[in-house]
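>>> 3D model of this:
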Amino acid sequence: MDRPITERSTAVAQDAPSERLGLFGGSFNPIHNGHLAIARDVRERMKLSRILFVPTGDPPHKQNQSLAPATARLEMVRLAIADTPEFDVSALEVDRTGKSYSIDTIRKIREKWSRSCELFFIIGLDAFLEFPTWRAPEEILKMCHFVVVPRPGRSFKTLAEISLFKNPDPEPLGQLDAGIIDRFEIVLPEALGITCLSIPPCPISASEIRWRVQNGLPLANMLPPPVESYILQHSLYKEDSNRTRI
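Predicted coordinates:
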């Protein structure tokens, strides 16, 4: 998620060094109304000052036919959040060459923002289940409080099987899956902790949007209008070889 964060972000960091900053990374291919709904929900429930969207860069050495260029995905995020002062975007990973690791992104963000700023890493449950394989996961847990949101087909109860998280009690995780509770805190020694949130499921997927664009189908209520216009104007996803909706 290595160049300076946007000017707007830097200015805010200087004025408000103790902010609670949410980091929302992803390919955003494209960013859609579901992403924005998650950001708004998490910001409100976690009482975050701001959300910083961090689009991924272009993958090194190989070209994913379904992935729009990083510069285009960055611009779509800018368009999507333009009217929301509490949202901002970073080009850190887009500007970085070679492989990109979350630990490097977090360190760079920490350099640009005051060290007293609290960082909250917003992540889908499917990606978080892979967290133990990331570079320096224990260090990341000391730098960021994680906020885990649901993903279709994934169960919070699965987290109880991951030793890195110190085998949390599966019962409340199951209650979270069932909607009996809407929040569960996993407390870790020498770490900032993990908050699992139950939020309304998102009926929108980026893969379906790409499929609809390729097949000339309507995109009503799936995208912010400026993003839809950008996609059509630049003929994005017309050559997407992924014809199935994942």
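>>> ramachandran angles for residue 188?
phi -120, psi 140 (degrees, to the nearest 10).
>>> remind me which residues of the protein are low pLDDT?
Applying pLDDT under 70 to the chain flags residues 1-17, 61-64, 114-115, 240-246.
>>> can you pull out the strands in it?
Taking DSSP state E as the criterion, the chain contains strands spanning 20-26, 50-55, 87-89, 118-124, 145-149, 183-186, 194-197.
>>> contacts for the fourth one, please.
This means strand 118-124. The contact list for strand 118-124 (Cβ atoms under 8 Å, 6 or more residues apart in numbering) reads 18-25, 38-39, 42, 46, 48, 51, 102, 106, 109-110, 131, 140, 143-151, 154. C-beta: built from backbone N, CA, C; applies to glycine.
>>> pretty sure residue 167 contacts residue 158?
No - applying Cβ atoms under 8 Å as the test, residue 167 and residue 158 come out as separate, 11.9 Å apart.
>>> please enumerate the helices of this structure.
7-15, 33-45, 70-81, 92-95, 102-112, 125-128, 137-143, 170-178, 206-214, 225-233 (DSSP state H).
>>> closest to residue 56 out of those helices?
Ranking the helices of the chain by proximity to residue 56 (Cβ to Cβ) places helix 92-95 first, at 5.3 Å.
>>> now the residue of the chain most remote from its centre: how far from residue 208?
Distance from the centre of the chain peaks at residue 216, with 27.7 Å (Cα atoms, centre = their mean). Counting by Cβ to Cβ, to the nearest Å, the separation of residue 216 from residue 208 is 14 Å.
>>> also residue 138?
Distance of residue 138 to residue 208, computed by Cβ to Cβ: 36 Å.
>>> which of these two has more neighbours?
The neighbour count for residue 138 versus residue 208, taken as other Cβ atoms under 10 Å, is higher for residue 208 (17 against 12).
>>> which residues touch stretch 196-205?
Contacts of stretch 196-205 (Cβ under 8 Å, 6+ apart): 32-34, 37-38, 41-42, 45, 125, 147-150, 152, 156, 159, 173, 176, 179, 181-186, 222, 245-246.
>>> which residues belonging to that stretch are considered buried?
Using 16 or more other Cβ atoms under 10 Å as the test for burial, stretch 196-205 gives 196, 197, 198, 202, 204.
>>> and stretch 96-108, by the same measure?
By neighbour count on 16+ other Cβ under 10 Å, the buried set for stretch 96-108 is 96, 100, 101, 102, 103, 104, 105, 106, 108.
>>> isn't residue 187 up against residue 169?
No - contact criterion Cβ under 8 Å: residue 187 and residue 169 do not qualify, at 10.8 Å.
>>> show me what contacts residue 168?
By Cβ under 8 Å, 6+ apart, the residues touching residue 168 are 159, 160, 184, 186.
>>> what does residue 126 give?
Residue 126 touches 151, 153, 154, counting by Cβ under 8 Å, 6+ apart.
>>> next, count neighbours for residue 139.
14.
>>> and it, what is it in contact with?
Here residue 139 is in contact with residue 103 (criterion: Cβ under 8 Å, 6+ apart).
>>> for residue 129, see how far away it is.
19 Å.
>>> pull up the gap between residue 220 and residue 194, please.
Taking Cβ to Cβ, one finds residue 220 at 36 Å from residue 194.
>>> of the two, which one has the most company?
Shown here are residue 220 and residue 194; by other Cβ under 10 Å, residue 194 has more neighbours (23 against 8).
>>> name the nearest residue to that one, ignoring sequence neighbours.
residue 186 (4.0 Å; Cβ to Cβ, 6 or more residues apart in numbering).
>>> now do the contacts for that neighbour.
159, 165, 166, 168, 193, 194, 195, 196.
>>> try 7 Å this time
165, 168, 193, 194, 196 (Cβ atoms under 7 Å, 6 or more residues apart in numbering).
>>> equivalent analysis for residue 99, please.
Neighbouring residues of residue 99 by Cβ under 7 Å, 6+ apart: residue 60.
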